[in-house]
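A.B. asks: fold the following.
(one chain, ligands or ions: 1)
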Amino acid sequence: MYIDHALSARKLPEIPEDREEILRVLSREIYGSLPSAQPAAAEIDSEDANAYAGKATERHIRVSFSVPEGKFSFPATVLIPNAVHRPRLFVHIAFRPNVPDRYLPAEEIIDNGCAVAVFCYTDVTSDDGDFSNGLAAAYPRTGAESSGKIGLWAYAAQRLADALGAWQCFDMERLAVIGHSRLGKTALWCAATDERFSLAVSNNAGCSGDALTRGKQGEHVADITGRFPFWFCENYRRYAGKEERMPFDQHWLLAAIAPRFVLVNAAEQDLWADPESEFLCCAAAGRQYERMNLDGFIADDRPPAPGDFNGAGRIGFAMRSGGHFLSRTDWNAAIRFWKEKM
Ligand code: GCU
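C.D. replies: Take a look at the predicted model:
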C-alpha cells in the first residue's frame, strides 16, 4: 500500500490520454514551445578509424540547419564501435565536450556495442539568461510561452539525430537520449517531443524533470525559477510557491514518452533532486502505459533503496548510493535496461 498511499497524498492531476494535449500543456506552462523542426546535416571535420586501440571510429563533426535568419551550426563528437553492424546510438547531452569525460566512460560504452554522439550544451547556447547568443539568438524570447534554454538544448539534440540518421550506419529504431541533472530534464523533454527517440535516460534530473513537484523535498519551483528562470518559459514562474495550482505534474513528462521507454537514475544522497519523488513520478506515469495495455512501472511496494534496479516495465528506475553526478554505474544501468528492452 506504500505506493498507493504516497501517490494519493500527492494529489496529482490526472494525465490526459492524448499525448498532444500533454505536450500542449507542458509547452505552455513549463518548457515553452519548440521551434519547428528543420532538417540538419553533419559535416565531418576529422576522423580516426582506429580510436580506442582500433575498437572505434571517432568523428568530429559540425551539425548545421536553417534558422529564421540563416544557418546555425554546433560541434559534436561521434564514437562508433567498429565491430558492430548498425549499432544502437546514444545521444548524450553533455556538460563538457570532452570524450572521454568523467561523466562519459566512452570505452566502456563502445565495449558494450553502443555508439554515442556527444555535444556540449553551451556550444548550442549559454546556460544563463542571455538569449542573444547561439541558437537562442535565432529564437529569442518573444512571449511567455517562448522556449527556455532546456527546449533549445533539446532541439539541438533532435537536430543531431537528424544528421546522424542520414548516415544510415546506426540502428535508428534504437535511438536513446541521455543527460544528467539539468540535462536530464532536457533529455526527457527531447524524447517527449520527438518520437524517434525510443529511450530517454534521465539521471538525477529532480525538480522540473523526473521528480513529482507536489510534496517534493529539496528543490521547489520557487528555487529553480529564482536561480534558473531562463531554463523554462516565463509562465512557469507563476507557480513559485503555488505548486498545487499547476495543471500538470512531472509524471506528465514521462507519460508523454509512452509507449516508448524511460529510465530514471536516482542517487541516494541527492536530496535536492529527491529520490523518493523520482520513484513516485515513475509510479504515477506508469498509469499511462497501463492505459495502453503495456507494463508501465513495476517495483516492490516500498520506498526506493540503493541498489534497486526496477527494470521490468517500460519505465525503469535505478538507484545507487552516492550523490549528484553521472557515473559508470548510471551508464551501466542505462545499457542494461536498454538491452533488456530492445
Ligand atoms: C542545480 C539545480 C537543479 C539542477 C542542477 C544541475 O542544482 O537546482 O535543478 O538539476 O543544478 O543541473 O546540476
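
A.B. asks: so where's the stretch 201-342 of the chain uncertain?
C.D. replies: For the stretch 201-342 of the chain, no stretch is flagged by pLDDT under 70.

A.B. asks: nearest residue to residue 263 in space, ignoring adjacent ones along the chain?
C.D. replies: Computed as C-beta to C-beta, 6 or more residues apart in numbering, the closest residue to residue 263 that is not its neighbour in sequence is residue 316, at 4.1 Å. Every C-beta, even on glycine, is put in place using the N, C-alpha and C of the backbone.

A.B. asks: wait, a helix at that neighbour?
C.D. replies: No. If the criterion is DSSP: H, G, I helix; E, B strand; the rest coil, then residue 316 is strand and not within a helix.

A.B. asks: how near is it to the ligand?
C.D. replies: Counting by C-beta to the nearest ligand atom, to the nearest Å, the gap from residue 316 to the ligand is 20 Å.

A.B. asks: figure out the helix or strand that residue 90 lives in.
C.D. replies: Using DSSP states H and E, residue 90 sits in strand 88-94.

A.B. asks: mind giving me the packing neighbours of the helix or strand hosting residue 319?
C.D. replies: Using DSSP H and E, the element containing residue 319 is strand 315-320. Applying 3 or more C-beta pairs under 8 Å, 6 or more residues apart in numbering; DSSP states H and E, one finds that strand 315-320 contacts strand 261-267, helix 275-291, strand 309-310, helix 328-341.

A.B. asks: for the most centrally placed residue in the chain, which non-adjacent residue is spatially closest?
C.D. replies: The centroid of the chain falls nearest to residue 187 when counting by C-alpha atoms, centre = their mean (1.5 Å). Once flanking residues are discounted, residue 187 sits nearest to residue 179: 3.8 Å by C-beta to C-beta, 6+ apart.

A.B. asks: quick one: that neighbour from the ligand, how far?
C.D. replies: Residue 179 sits 9 Å away from the ligand, going by C-beta to the nearest ligand atom.

A.B. asks: I'd like to know how many residues surround that residue.
C.D. replies: Neighbours of residue 179 under the rule other C-beta atoms under 10 Å: 32.

A.B. asks: direction included, what does the helix or strand encompassing it pair against?
C.D. replies: Using DSSP H and E, residue 179 falls within strand 175-180. The strands beside strand 175-180 in its sheet (DSSP bridges) come out as strand 88-94 (parallel), strand 199-203 (parallel).

A.B. asks: list the contacts of the residue nearest to residue 329 when sequence neighbours are not counted.
C.D. replies: Distances taken as C-beta to C-beta, 6+ apart put residue 320 closest to residue 329, at 4.9 Å, once the chain neighbours are dropped. Applying C-beta atoms under 8 Å, 6 or more residues apart in numbering, we find residue 320 in contact with 265, 266, 267, 268, 306, 307, 327, 329, 330, 333.
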